[in-house]
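Peer 1: This is the structure alone, sequence omitted:
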Ligand SMILES: Cc1ncc(COP(=O)(O)O)c(C=O)c1O
């Protein structure tokens, strides 16, 4: 008798989160590589750090850590509802967007269900589908690596329970246009849950982008997922949220554990929502970094995808592992898209000026020596 005899049937399909070099904290990467300077551009983290007002609010909250936090985080729910023009019952908080994705699975997915996921999208949609024993159905990408909504619609069957969309999409940084999204929602049967993950929505620069929140009246079971990990620079504190139609939020609230969002991040998030100036600084930094990367890719003749997020994908035109390893030698850590079957592509997060400069200069040196 070993543990395989007592775990759930889905166990063989589950894999622990891998901790390759790209996943380690900077200090550990430095130790592994024996380098004083490392530029970690693999996690799409905000390079700016949280706003000083957020740090102050979080520090003040420490004195009452003996007390449980608000179990649902009402103040933040209300603030988000006010900003988004919805009622607070349409908002739900989670321990990072990752927990929201798990809660969606636990609330809605049964083993007989099919879940449609674009082939090139955030990996956790597949993970939660497997966790619940449901069947993942992958939709094709267009040639330009955008989501093929027509194929997604074709993949709908009587067994389809949910569809996951990521907008802007990780790992491509591409968006679905307003009209495409609206047309799509109009064609999805009412009984299907549509999840739109907007972890990167603050970075969307295209006028063609529209948040799914604007479409809450157009689809019965719709949920928009957001996070404080990116534009709010609070990845380490773990706070995500959902904005959805009333029935969807109520259903997830039957599953959400009480006190799933800690008191410190609740205090910080409120301060962060108020600090628009800090977020604008983060956006300006992101814009500048992307421009530096685009210029470099163009001068090197490397195809890249214009991004509506805080990362950029580019085609190395060779085996991406070769470029990845050489970048590591320069202390620059990025992500290959090998796991998605894109053997020549790399995704690089937009860091601080000096981090982007290190990446750009290293890439130039590597590519011109190839
Ligand atoms: C598209 C997308 N959704 C959700 C998440 C998870 O975010 P969180 O840190 O809030 O769990 C990420 C993290 O990178 C992401 O890229």
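Peer 2: Yep, it's here. Remember, it's a predicted structure, so these values are computed and weren't measured experimentally. Residues are numbered from 1 along each chain as shown.
Peer 1: tally of neighbours for the residue of the stretch 51-200 of the chain at minimum distance from the ligand?
Peer 2: The nearest approach of the stretch 51-200 of the chain to the ligand comes at residue 96, 2.8 Å away (CB to the nearest ligand atom). All C-beta atoms are positioned from the backbone trio N, CA, C, and that covers glycine. Applying other CB atoms under 10 Å, we find 22 residues neighbouring residue 96.
Peer 1: Mind pulling up the pLDDT for the nearest residue to it once chain neighbours are set aside?
Peer 2: Distance criterion CB to CB, 6 or more residues apart in numbering; nearest residue to residue 96, sequence neighbours excluded, is residue 238 at 4.3 Å. Residue 238 carries a pLDDT value of 98.
Peer 1: For residue 238, give its distance to the ligand.
Peer 2: As for residue 238, its distance to the ligand is 7 Å (criterion: CB to the nearest ligand atom, to the nearest Å).
Peer 1: In this model residue 227 seems to touch the residue of the stretch 51-200 of the chain closest to the ligand, though I could be wrong.
Peer 2: Yes - using CB atoms under 8 Å as the test, residue 96 is close enough to residue 227 to be in contact (6.5 Å).
Peer 1: who touches both of the two?
Peer 2: The overlap between the contact sets of residue 96 and residue 227 (CB atoms under 8 Å, 6 or more residues apart in numbering) consists of 239-240.
Peer 1: Which strand or helix spans residue 70?
Peer 2: Using DSSP states H and E, residue 70 sits in no helix or strand.
Peer 1: what do you get for residue 357?
Peer 2: Going by DSSP H and E, residue 357 is part of helix 353-369.
Peer 1: Cross-check the contact I'm expecting between residue 317 and residue 343.
Peer 2: No - applying CB under 8 Å, one finds residue 317 not in contact with residue 343, separated by 10.7 Å.
Peer 1: quick one, helices of the protein?
Peer 2: Per DSSP state H, the chain carries helices over the ranges 26-33, 52-61, 74-84, 96-108, 124-131, 149-154, 178-187, 246-253, 263-274, 276-300, 320-329, 353-369.
Peer 1: can you list those helices in JSON lines and add mean pLDDT?
Peer 2: Shown next, in JSON lines, are the helices of the chain (pLDDT from 0 to 100):
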{"stretch": "helix 26-33", "mean pLDDT": "90"}
{"stretch": "helix 52-61", "mean pLDDT": "98"}
{"stretch": "helix 74-84", "mean pLDDT": "98"}
{"stretch": "helix 96-108", "mean pLDDT": "98"}
{"stretch": "helix 124-131", "mean pLDDT": "98"}
{"stretch": "helix 149-154", "mean pLDDT": "98"}
{"stretch": "helix 178-187", "mean pLDDT": "97"}
{"stretch": "helix 246-253", "mean pLDDT": "98"}
{"stretch": "helix 263-274", "mean pLDDT": "97"}
{"stretch": "helix 276-300", "mean pLDDT": "97"}
{"stretch": "helix 320-329", "mean pLDDT": "96"}
{"stretch": "helix 353-369", "mean pLDDT": "96"}
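Peer 1: Relative to residue 231, which of those helices is closest?
Peer 2: helix 276-300 (5.6 Å; CB to CB).
Peer 1: Next, the buried residues of the closest one.
Peer 2: 278-279, 282-283, 285-286, 289-290, 293, 296-297, 300 (16 or more other CB atoms under 10 Å).
Peer 1: ok, and which of those residues reach the ligand?
Peer 2: Among the buried residues of helix 276-300, no residue lies close to the ligand (CB under 6 Å from any ligand atom).
Peer 1: hmm, which two among those residues are most spread apart?
Peer 2: Once CB to CB is applied, those give 278 and 300 as the farthest pair, at 33.5 Å.
Peer 1: hang on, the earlier thing: quick one: the residue nearest to residue 96 from residue 229, how far?
Peer 2: 8 Å (CB to CB, to the nearest Å).
Peer 1: got it, and residue 206?
Peer 2: For residue 206 relative to residue 229 (CB to CB), the value is 22 Å.
Peer 1: With neighbour numbers in mind, choose between these two.
Peer 2: Taking other CB under 10 Å, residue 206 and residue 229 do not tie; residue 229 has more neighbours (23 against 14).
Peer 1: can you pull the contacts of the more buried one?
Peer 2: 45, 96-97, 199, 235, 238-240.
Peer 1: Out of these, who's the most crowded?
Peer 2: Ranking the contacts of residue 229 using other CB under 10 Å puts residue 239 first, with 28 neighbours.
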